[in-house]
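Trainee: all I have is the shape, not the residue letters:
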């Protein structure tokens, strides 16, 4: 699986909702992966998570952690990552991004639905 432009799919846990919206708009996949220190996976945020937070009174200046979904499907890095991503995308039609992680939960790449 070839490496992707991280800036299109990954933001820091220190980002705001506005930052996430900009990346989601640019990547056209409806979600963004959130990482913490040393690129460790923290979660994912979808446009629906943001929409629900805004309806409840959050502002675009709020920290992304306020809407972070930590229940994330992931793929272990390695030779089987591409096959596993195809399988997971087929099983979960609403998911467009899957973080590929190493044994220390560091995001090494992102699988993107074609």
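Mentor: All right, it came through fine. Since we're looking at a predicted model, the values are computed, not measured.

Trainee: pLDDT score for the residue most central in space within the chain?
Mentor: Centroid-nearest residue in the chain: residue 33, 2.0 Å away (criterion: C-alpha atoms, centre = their mean). pLDDT, residue 33: 98.

Trainee: and it, backbone torsions?
Mentor: Dihedral angles of residue 33 (phi, psi; degrees, to the nearest 10) stand at phi -90, psi 140.

Trainee: which residues touch it?
Mentor: Residues near residue 33 by C-beta atoms under 8 Å, 6 or more residues apart in numbering: 9, 10, 11, 41, 43, 44, 97, 99, 107, 110. The C-beta positions use only the backbone N, C-alpha and C, and glycine is treated the same way.

Trainee: is it fair to say the third one lies in a strand?
Mentor: Yes: when DSSP: H, G, I helix; E, B strand; the rest coil is applied, residue 11 is found to be in a strand.

Trainee: how about it: which residues does it bridge to?
Mentor: residue 34 (DSSP bridges).
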